[in-house]
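**Student:** Provide a 3D model corresponding to the input given below.
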Amino acid sequence: MATITELQKIGVGLMGFGLFFLLFGVLLYFDSVLLAFGNILFLAGLCFIIGIRRTAHFFFQRNKFRGTLFFLGGVTLVLFRWPVIGMLVESYGFVLLFRSFFPVAIGFVLSVVNLPFLSAVSCVLFLFPSNQVLCMSQAVAIPTVPPQQSIHGVNTATQQCGKGCAWLVSHSTQQVEKQRREFC
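**Tutor:** Predicted coordinates for the structure are as follows:
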């Protein structure tokens, strides 16, 4: 079991207040002061939770540079009192930065909350990285196996999940098919 340090607890509080101020700033018709304060608290909380060096490493990776540019550019636009455009740019950057975390978060939520209509929804699968498949019965993203068979001229592969269900993955278009196959 991982222990949480005092600085990480402070970071969670700062991130919580940052998200609260961001939400409150949006609800008050994009109040630029609240949005700027929420952005500063969110970034400070992230630094407290994972550390300054890891935060800098996370934001300035080569494959996340575009997301970092949009996210920090949006924060800058909010600080310069252009809240609507800044939040749109920042939201796009947030999605680009954290899209590899979405499958894990969605898998965790779906494993904790047992709602049948949520587990059947496959429209959120476009957020997943192209080389991973979400296993609904486990809160992990499992890498797919190499192509094994050809259906209608498309190379496909299936990844077995814990409870016997698998997602059909197309390797030619790198998108998840809309149907789930049940294995007995």
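**Student:** so where is this structure shaky, pLDDT-wise?
**Tutor:** For the chain, applying pLDDT under 70 flags the ranges 1, 114-184.
**Student:** quick one: contacts of the longest helix belonging to it?
**Tutor:** Secondary structure of the chain per DSSP state H: the longest helix is helix 6-27. If you take C-beta atoms under 8 Å, 6 or more residues apart in numbering as the criterion, helix 6-27 is touched by 31-35, 37-50, 83, 87. In short, each C-beta sits where N, CA and C put it, glycine included.
**Student:** quick one: which of the residues you listed sit in helices?
**Tutor:** Among the contacts of helix 6-27, the members found in helices (DSSP H) are 32-35, 37-50, 83, 87.
**Student:** show me what counts as buried in the longest helix of the chain.
**Tutor:** 8, 11, 14-15, 17-18, 21-22, 25-26 (16 or more other C-beta atoms under 10 Å).
**Student:** which one of these is nearest Leu96?
**Tutor:** Nearest to Leu96 out of the buried residues of helix 6-27 is Leu22 (C-beta to C-beta; 17.7 Å).
**Student:** now the closest one: how far from Phe58?
**Tutor:** 19 Å (C-beta to C-beta, to the nearest Å).
**Student:** tell me who's in contact with Gly45.
**Tutor:** 10-18.
**Student:** make TSV from those and add distance to Phe108 to it.
**Tutor:** Below are these laid out as TSV (distance: C-beta to C-beta, whole Å):
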residue	distance to Phe108
Ile10	24
Gly11	20
Val12	17
Gly13	22
Leu14	22
Met15	17
Gly16	18
Phe17	23
Gly18	21
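**Student:** assign Ile4 to helix, strand or coil.
**Tutor:** When classified by DSSP: H, G, I helix; E, B strand; the rest coil, Ile4 comes out as coil.
**Student:** look up phi and psi at Gly51.
**Tutor:** Here is the backbone geometry of Gly51 (degrees, to the nearest 10): phi 100, psi 160.
**Student:** any idea how far Arg81 is from it?
**Tutor:** Separation of Gly51 from Arg81 (C-beta to C-beta) stands at 31 Å.
**Student:** contact partners for Phe42?
**Tutor:** 14-15, 18-19, 22.
**Student:** can you rerun that using 10 Å?
**Tutor:** By C-beta atoms under 10 Å, 6 or more residues apart in numbering, the residues touching Phe42 are 14-19, 21-22, 75, 94.
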